[in-house]
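# Below: sequence and its predicted model.
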Amino acid sequence: MGAQENEQSGGTGRRALLGAAVLGAGGAVLGLSGTASATGAGHGHGGGPSSLPKPTIIGHRGTSGYRPEHTFGSYDLALDMGADIVEAGDLVLTKDGHLVCRHEPEIGGTTDVADHPEFASRKTTKSLDGVPTTGWFTEDFTLAELKTLRAIERIPANRPHNTLYNGRWEIPTFEEVLRWQDEQTRKRGKQVFIYPEMKHPTYFRKRGFEIEKLLAKTLRKHGKDRRNSPVLIQSFEPTSIQKISKLVDNNLAVLLSGTGTRPFDFIDQGDPRTTDDLVKPKGLREIATYAQGLGPTLDLIITKNADGSLNKETTLVADAHKAGLILHPYTMRNENPFLPLEYRKGSDVDAYGDAFGAFKRYFATGIDGVFTDNADTGLLARADFLKG
């Protein structure tokens, strides 16, 4: 799929912009100035998403294989390693309406809130997208209160080395991320791209927050609501992406969970469709009317057997490209438990398997990029793949 193909269907100006990145490596991509540049060379100020190399390496929650996720320590290291885009961050709301970066609204597993006796009474159980969840929730804290907390490693059993950094960094606000983006762009002499995710829009809507409007307002304030802005927006709720598509002109991506699942907004609104319907050509064509990209779980690209080994490649990559969508699946991690069975080595939960082999297999499907907790591994794997 190339830019010309995208221009032939409705509402595709933004799709063509992001879609230009799917041109073959070493070929030319269309820069916003109208000049051609080699893939991977267009990192200058003002370059849009089409200037990014392919396959694009996206630092998942920063570089969470090495630092506690959604901290400036994790984001900085992702840039130091050379990530093309940093997923900064997963956006949730505070009691006083600030966007902050946490994996989930429940923060018991990603902060030291349990060590703060002044907040002990706020531990509660809520239904998070239909799942009873016990802990502490961002919407029960003001921003000032959240700023007294510090981030910790979310999966210490797999990443005991990351616990060294527990307590070092506070919770970033999205405003701080946008300022950090500008500072890092100036410091590094190339445009820094970010890929925030709107988390649980329906959950927050039922609590009086319109996350789409808050995000759009923040992006407009910083002049980052345009089609060439270095801010790509994603969500697991397709209707949320539809809502924000009417508020900003950024490139947008719909995230998809595994086969048989249903987006929670579909459940809430009585839409019977599942992920399996959305990945069919008809579903992809509909998504392409309001989004430019797709973020499927890797299992929708290559299915797995019951033992965790890879089974067969699906037609999703070809079908999505035919609909004019790019694919940024998630998530590549180096540790054994997260790799397909044939790429694991030994049995230690925190030992690395053959991540390079797994990257090569997924790159070979034609995906346009991938979220990874280990940006350095992804970049080396891409170099190997392009040489091959």
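The structure has been received and is ready for your questions. Residues are numbered from 1 along each chain as shown.
# for the stretch 101-250 of the chain, what spans make up the helices?
Assigned by DSSP state H, counting those that start in this stretch, the helices in the stretch 101-250 of the chain fall at 143-146, 174-188, 201-205, 211-221, 238-245.
# As TSV, these with mean pLDDT, mean neighbour count and distance to residue 124 would be great.
C-beta here means a position set from N, CA and C on the backbone, and glycine is covered the same way. Shown next, in TSV, are those (pLDDT from 0 to 100; neighbours: other C-beta atoms under 10 Å; distance: least, C-beta to C-beta, whole Å):
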stretch	mean pLDDT	mean neighbour count	distance to residue 124
helix 143-146	98	17	15
helix 174-188	98	16	25
helix 201-205	98	21	14
helix 211-221	98	19	21
helix 238-245	98	22	25
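# Redo these as TSV? Include distance to residue 260.
Converted to TSV, these look like this (distance: least, C-beta to C-beta, whole Å):
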stretch	distance to residue 260
helix 143-146	35
helix 174-188	33
helix 201-205	20
helix 211-221	26
helix 238-245	17
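# out of those helices, which comes closest to residue 341?
With C-beta to C-beta as the criterion, residue 341 lies closest to helix 238-245 of the helices of the stretch 101-250 of the chain, at 31.7 Å.
# what are the C-alpha coordinates of the helix or strand just after the closest one, in CSV please?
Sequence-wise, the next helix or strand downstream of helix 238-245 (DSSP states H and E) is strand 252-256. C-alpha atoms of strand 252-256 as CSV (Å, rounded to 0.1, in the frame of the first residue of the first chain):
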residue,chain,number,x,y,z
LEU,A,252,-5.3,7.9,14.7
ALA,A,253,-5.1,4.1,15.4
VAL,A,254,-7.6,1.6,16.7
LEU,A,255,-6.2,-1.0,19.0
LEU,A,256,-7.5,-4.6,18.9
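# avg pLDDT for whichever helix or strand comes after strand 252-256?
Using DSSP H and E, the helix or strand that follows strand 252-256 towards the C-terminus is helix 264-269. Averaging pLDDT along helix 264-269 gives 98.
# who does helix 264-269 touch, helix- and strand-wise?
helix 201-205, helix 238-245 (3 or more C-beta pairs under 8 Å, 6 or more residues apart in numbering; DSSP states H and E).
# Any chance of those in JSON lines with distance to residue 152 as columns?
Listed next are these as JSON lines, based on distance: least, C-beta to C-beta, whole Å:
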{"stretch": "helix 201-205", "distance to residue 152": "23"}
{"stretch": "helix 238-245", "distance to residue 152": "29"}
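# between these, which one is nearest to residue 215?
helix 238-245 (6.6 Å).
# got the contact list for the closest one?
198, 201-202, 211-212, 215-216, 233-235, 250, 252-254, 263, 265-266, 269, 278, 287, 290-291 (C-beta atoms under 8 Å, 6 or more residues apart in numbering).
# What subset of the residues you listed is buried?
With burial judged by 16 or more other C-beta atoms under 10 Å, the buried subset of those is 198, 201-202, 211-212, 215-216, 233-235, 250, 252-254, 263, 265-266, 278, 287, 290-291.
# List the residues that contact residue 145.
Taking C-beta under 8 Å, 6+ apart as the test, what residue 145 contacts is residue 119.
# Next, find the distance separating it from residue 301.
Using C-beta to C-beta, to the nearest Å, one gets 41 Å for the distance from residue 145 to residue 301.
# Repeat that for residue 273.
20 Å.
# So which of the two has more stuff around it?
residue 301 (21 against 14; other C-beta atoms under 10 Å).
# ok, now which ones touch that one?
313, 314, 316, 317, 327, 329, 362, 365, 367 are the contacts of residue 301 under C-beta under 8 Å, 6+ apart.
# can you check residue 339 too?
Applying C-beta under 8 Å, 6+ apart, the residues near residue 339 are 333, 353, 354, 355, 358.
# Spatially nearest residue to the last one, not counting backbone neighbours?
Same thing as residue 358. residue 343 (4.4 Å; C-beta to C-beta, 6 or more residues apart in numbering).
# Please verify my assumption that residue 178 contacts residue 218.
Yes - contact criterion C-beta atoms under 8 Å: residue 178 and residue 218 qualify, at 7.2 Å.
# Spit out the contact partners of residue 310.
302, 303, 304, 340, 341, 342, 361.
# go with 6 Å
302, 340 (C-beta atoms under 6 Å, 6 or more residues apart in numbering).
# what's the answer for residue 267, then?
Counted by C-beta under 6 Å, 6+ apart, residue 267 has zero contacts.
# And for residue 133, the neighbour number?
16.
# hang on, it packs against residue 107?
No - at 11.2 Å, residue 133 and residue 107 do not qualify as touching, with contact defined as C-beta atoms under 6 Å.
# Excluding chain neighbours, what is closest to the most centrally placed residue in the chain?
Among the residues of the chain, the one closest to the centroid is residue 87, at 5.1 Å (C-alpha atoms, centre = their mean). Nearest non-adjacent residue to residue 87, counting by C-beta to C-beta, 6+ apart: residue 195, 4.6 Å away.
# Next one, pLDDT for the one you found please.
So, for residue 195, pLDDT stands at 98.
# With the one 5 residues further on instead?
Reading off the confidence values, residue 200 has pLDDT 98.
# how many other residues sit next to it?
25.
# Now do it against residue 339, distance only.
28 Å.
# just residue 196 next, same as before
From residue 196 to residue 339 the distance is 27 Å (C-beta to C-beta).
# again with residue 360
Distance from residue 360 to residue 339, by C-beta to C-beta: 12 Å.
# again, but for residue 92
Residue 92 is 29 Å from residue 339, by C-beta to C-beta.
# got it, and residue 146?
For residue 146, the distance to residue 339 - C-beta to C-beta - is 34 Å.
# on that earlier part again, so for the residue nearest to the centre of the chain, what's the pLDDT?
98.
# That one and residue 242, how far apart?
Applying C-beta to C-beta to residue 87 and residue 242 gives a distance of 21 Å.
# same question, residue 234
Residue 234 is 13 Å from residue 242, by C-beta to C-beta.
# swap in residue 270?
16 Å.
# cool, and residue 261?
Counting by C-beta to C-beta - residue 261 and residue 242 are separated by 19 Å.
# Thanks a lot, see you next time.
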